[in-house]
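**Q** here you go, sequence then predicted model.
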Amino acid sequence: MAETDAEAGTDPYREELALLIRQTRARLESLTRAGVAALPRSAARPPAVRPSPAAVAAASEPIVAVPPPTPSVERPRPASPPPPSPAPPRPAARPIVAPTMFGTAGFESPPLDPANRPGALAVLREEVAACMKCAELAASRTQTVLGDGNPAARLMFIGEAPGGDEDRLGVPFVGKAGQLLNDMITKGMGLRREDVYVANVLKCRPPGNRDPEPAEVANCIGYLDRQIEIVRPEFICLLGKIAAGTLLNTALSVGRLRGRWHRVHGVPTVVTYHPSYLLRAPAAKKEAWADLQLLMRAMGLAIPRKKG
Ligand code: URA
């Protein structure tokens, strides 16, 4: 999409204007994709004035392009073996309400006041810390790793499970993969790590960093569902095949899932490669950058021009 002159400006007013133009354009494109051919004329508005910072801040919140639901290409998750521990397996059908075009209606409760979200996460953290559902993980972990970041973040990243560094420090994505994720967030998206929320499917480190067992995912997924419910992000980015397979109920590869929109609890969701994979296969960083740009456009974030 070609940038307008206003988008090229460096003066803050021009940047605010460019942001509003991008967001409006994205929303109109989303409406067009949804089959809306014309918009009703609204009541007369007051004459246009230079927007105040508060107005700009308010406008930048709800005016985002929420993409339409994707056609259902995901297959049901393959049947998992019976769990070794007593906790009941997760029901196959997740209680997700049909999403509205612009809302995130797939939640069971109304959003928590942002001021109450840190407290709600603290309660969940205590509960997770005492969890003994997976005997092997409970016996081998140093500590549980719930999540990290802004409890009212617009964007939530979801990875697989804590590794050795995370198990030691109690914070997700702090090892080598975490450093790459930080670069993706800061150098790529122009955000700060503390602006977003980062979590994993599992809250305990699987011994030897093996893949999570289906029964472990079944035991743990309710905690992640509650994190998503509390943080109520506007956008989700799933990192790698375990997060994507679990949250989208699919066996499709990341290569098949990336580059387009999905929904988790009604929240517009993008899939990309796990940072650990990107460390092993740096050629895939180009596609991961394209996935981040997909998110950035929908979030109304400026995409840096290519250095020529
Ligand atoms: N890999 C993950 O998926 N999560 C972490 O927290 C660290 C590495």
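**A** Looks like it arrived, so ask away.
**Q** the ligand contacts on the chain?
**A** 159-163, 166, 172-173, 175, 177-178, 200, 276 (CB under 6 Å from any ligand atom). C-betas here are computed from N, CA, C, even on glycine.
**Q** just the ones in strands from the residues you listed, please.
**A** Gly159, Asn200 (DSSP state E).
**Q** ok, so of the residues of the chain next to the ligand, who is nearest Gly245?
**A** Using CB to CB, Glu160 is the member of those that lies nearest Gly245, at 10.0 Å.
**Q** for the nearest residue to the closest one once chain neighbours are set aside, give me its contacts.
**A** Closest residue to Glu160 apart from its sequence neighbours, by CB to CB, 6 or more residues apart in numbering: Ile242 at 4.1 Å. By CB atoms under 8 Å, 6 or more residues apart in numbering, Ile242 lies in contact with Glu160, Ala161, Val201, Asp211, Pro212, Val217, His274.
**Q** can you tell me how far the closest residue to the ligand within the stretch 151-300 of the chain is from Glu126?
**A** At 2.9 Å from the ligand, Gly159 is the closest residue in the stretch 151-300 of the chain, using CB to the nearest ligand atom. Taking CB to CB, to the nearest Å as the measure, Gly159 falls 22 Å from Glu126.
**Q** again with Val201
**A** Per CB to CB, Val201 is found 20 Å from Glu126.
**Q** more neighbours, these two?
**A** Comparing Val201 with Glu126 by other CB atoms under 10 Å, the one with more neighbours is Val201, at 24 against 11.
**Q** so that one sits against Val217, correct?
**A** Yes. Using CB atoms under 8 Å, Val201 makes contact with Val217 at a distance of 6.0 Å.
**Q** quick check: pLDDT value at Leu28.
**A** We note a pLDDT of 52 for Leu28 in this prediction.
**Q** swap that for Glu108, please
**A** Confidence score, pLDDT, at Glu108: 81.
**Q** hmm, back to that, what sits against the residue of the stretch 151-300 of the chain closest to the ligand?
**A** 172-173, 177, 181, 198-201, 239-240, 243, 274-275.
**Q** brilliant, that's me finished.
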